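Engineer: Generate coordinates for the sequence data below:
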Amino acid sequence: MKRAIVMGGSYAGLFAARVLSEYAEDVLVIEPDVIEEDGLGRRVPQRHQLHALLSMGHTQLERWFPGTTEELVKGGALLGEGDDVRFYLDGRLKAPAAGARMLGATRPFLESHLRRRVTALANVRFLRAQATDLVFRRGRVVGVTTAALDGGTGGAGETFDADFVVDAMGRNSPLEDWLARHGWDRAPVDSMRIDLGYATAVFHRGDELGSTVIAHSSPGPASDYRPALTEPGALAAVEGGRWSVVLAGYADHRPGPDPEEFLRRMRRCVAPLRTVADTSTMIGDVRTYRFVESRRRVHSRLNRFPGGLVVVGDALASVNPVYGQGLTLAALAANALAAHLRSTPFPQSPARDYFRLVEAVVEGAWQLSTAADLAQPHVTGPYPRGHRVQKWVADRLTEASVRDSAVNTRYMGVVNMELPPKALTDPRFLARAARVLLAG
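Structural biologist: Next up, the predicted model:
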């Protein structure tokens, strides 16, 4: 291709640009946001929240940006392996999972490294401008129009020809409105209202938790959401000698910005978070964020879709951030994009193969997150067929994962998106989980 355009220069857009750099002579990333010194745009609402990079996301990070982990660790990030990564269920430490590996770093730190790597690519360039519409010809996208921005430079307000366009404009992408304006159907949307709130605070980090890099706490199965039992939350050792701590809650139990309330909630959580609350000093303010509903657009259900156009990141699917799937989904969408471009001699044709590939990945994340969300008493569906049986089995597997390392290894493989959800339905695995439970 001569030119490919990525609309949006955040995490998903950077991965897409990296993939396209191997298939296009010129890759143009159009981004309206001002990039702050910390590496993220001002318009990223959750920029200050703790982000998880699941092990599959870490694998893809190294695939597309080799050596990035080493760079991040040299810059102060921490790589947790084995016992450094601790997961709790209802206050109980889960059995160790073989191969557990997670990176402790803030999203600005991670994203700024990716932006530097992408910027260094000879055929990739960035333009600060606002994408305003697409140009169509004979059933495919052939360009992107832009609008001038205050303080913008060179090229704002122009129309750029393109052989291929990627929508990486995030959850509130205007793409569907543009398509409807030009006579195309909107993609069907699946959604689930969860009314989640979460808040992140940063603390000075010493040796109070030894080698712990990640500690994650969640409510137990087969019970209503009971904040008095244990608070859902997590902490990660991040660059700059700091702890990043996030607490979450649904509906009327959403955390607020008050520091004292945040500390009280930490002291109702598991031991690592209690220790930080009691021994470490909070830095700055408590930052809150509200996530009303999970949402995914299913383009494969459309009978027609313009050629030369794909969607990645939150513009494609945005699921409950408590499960930390967002960054990993963005990287796996890049994989699907690369597979599509390798297999098609005509990238200007409708990208049906891409959407089939990426929606299979999204389906796994959607199943995992929505099944857990439906356990919350305030979430009212829609319930999938066989939900009660599925929930009963899932609760038993979760309980077995607390007691048995082999069960937890498979269980965490699914959570970390290394294995598909169907890996939990293998008869031998279910038999082992049953033996663990019967053994008491």
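Engineer: Okay, now the unreliable bits of this protein?
Structural biologist: 35-47, 150-156, 220-230 (pLDDT under 70).
Engineer: Which strands and helices lie in contact with the longest helix along it?
Structural biologist: Secondary structure of the chain read by DSSP state H shows that its longest helix is helix 352-373. Secondary-structure packing of helix 352-373 (3 or more C-beta pairs under 8 Å, 6 or more residues apart in numbering; DSSP states H and E): strand 189-204, strand 282-297, strand 317-318, helix 326-343, helix 387-403. (Glycine included, C-beta is placed from N, CA and C.)
Engineer: what's the most buried one of the ones you listed?
Structural biologist: Stretch with highest mean neighbour count among the helices and strands packed on helix 352-373: strand 317-318 (a mean of 24; mean count of other C-beta atoms under 10 Å).
Engineer: That one pairs with which strands, parallel or anti?
Structural biologist: According to DSSP bridges, strand 317-318 forms sheet pairs with strand 282-297 (antiparallel).
Engineer: could I get the partner strand in CSV with only the CA atoms?
Structural biologist: Extracted in CSV, the C-alpha atoms of strand 282-297 (Å, rounded to 0.1, in the frame of the first residue of the first chain):
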residue,chain,number,x,y,z
MET,A,282,-0.1,8.9,49.7
ILE,A,283,1.2,11.1,46.9
GLY,A,284,-1.2,13.5,45.3
ASP,A,285,-4.9,13.1,44.9
VAL,A,286,-7.3,10.1,44.6
ARG,A,287,-8.4,10.0,40.9
THR,A,288,-11.8,8.5,40.2
TYR,A,289,-13.4,7.1,37.0
ARG,A,290,-16.8,5.8,36.2
PHE,A,291,-17.5,3.0,33.7
VAL,A,292,-21.2,2.7,33.0
GLU,A,293,-21.5,-0.2,30.5
SER,A,294,-19.5,-2.8,28.6
ARG,A,295,-20.0,-2.5,24.9
ARG,A,296,-18.9,-4.2,21.7
ARG,A,297,-19.6,-3.6,18.1
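Engineer: Tell me which residues touch the residue lying closest to Glu231 once chain neighbours are set aside, please.
Structural biologist: Excluding the flanking residues, the one nearest Glu231 by C-beta to C-beta, 6 or more residues apart in numbering is Cys269, at 4.1 Å. Each residue near Cys269 by C-beta atoms under 8 Å, 6 or more residues apart in numbering is listed here: 217, 230-233, 247.
Engineer: Next, the angle from the helix or strand hosting Asn408 to helix 352-373.
Structural biologist: In this assignment (DSSP states H and E), Asn408 forms part of helix 405-415. Here helix 405-415 points in a direction 130 degrees away from that of helix 352-373 (axes from the mean of the first three to the mean of the last three C-alpha atoms, to 10 degrees).
Engineer: how far does helix 405-415 sit from the chain's center?
Structural biologist: 20 Å (C-alpha atoms, centre = their mean, to the nearest Å).
Engineer: Residues touching the following helix or strand past it, excluding its own?
Structural biologist: Helices and strands here follow DSSP H and E; after helix 405-415, the next one along the chain is helix 427-438. Applying C-beta under 8 Å, 6+ apart, the contact partners of helix 427-438 are 393, 396-397, 399-401, 403-404, 406-407, 410, 423-424.
Engineer: quick one: which two of the residues you listed are the most distant?
Structural biologist: Among the contacts of helix 427-438, the pair separated by the greatest distance (C-beta to C-beta) is Arg403 and Ala423, at 18.9 Å.
Engineer: can you put the helices and strands packed on helix 352-373 in JSON lines and add distance to Arg274?
Structural biologist: Listed next are these as JSON lines, based on distance: least, C-beta to C-beta, whole Å:
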{"stretch": "strand 189-204", "distance to Arg274": "12"}
{"stretch": "strand 282-297", "distance to Arg274": "14"}
{"stretch": "strand 317-318", "distance to Arg274": "32"}
{"stretch": "helix 326-343", "distance to Arg274": "28"}
{"stretch": "helix 387-403", "distance to Arg274": "19"}
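Engineer: among these, which is nearest Ala122?
Structural biologist: Going by C-beta to C-beta, the one of these nearest Ala122 is helix 326-343, 18.8 Å.
Engineer: now that closest one and helix 352-373, what's the angle there?
Structural biologist: Helix 326-343 runs at 160 degrees relative to helix 352-373, counting by the same axes, to 10 degrees.
Engineer: Among the contacts of Cys269, which pair sits farthest apart?
Structural biologist: Between any two of these, the greatest separation by C-beta to C-beta is 11.3 Å, found for Thr230 and Leu247.
Engineer: between these two, who's got more neighbours?
Structural biologist: Remark: of Thr230 and Leu247, Leu247 carries more neighbours, 27 against 20, as counted by other C-beta atoms under 10 Å.
Engineer: Alright, calling it a day.
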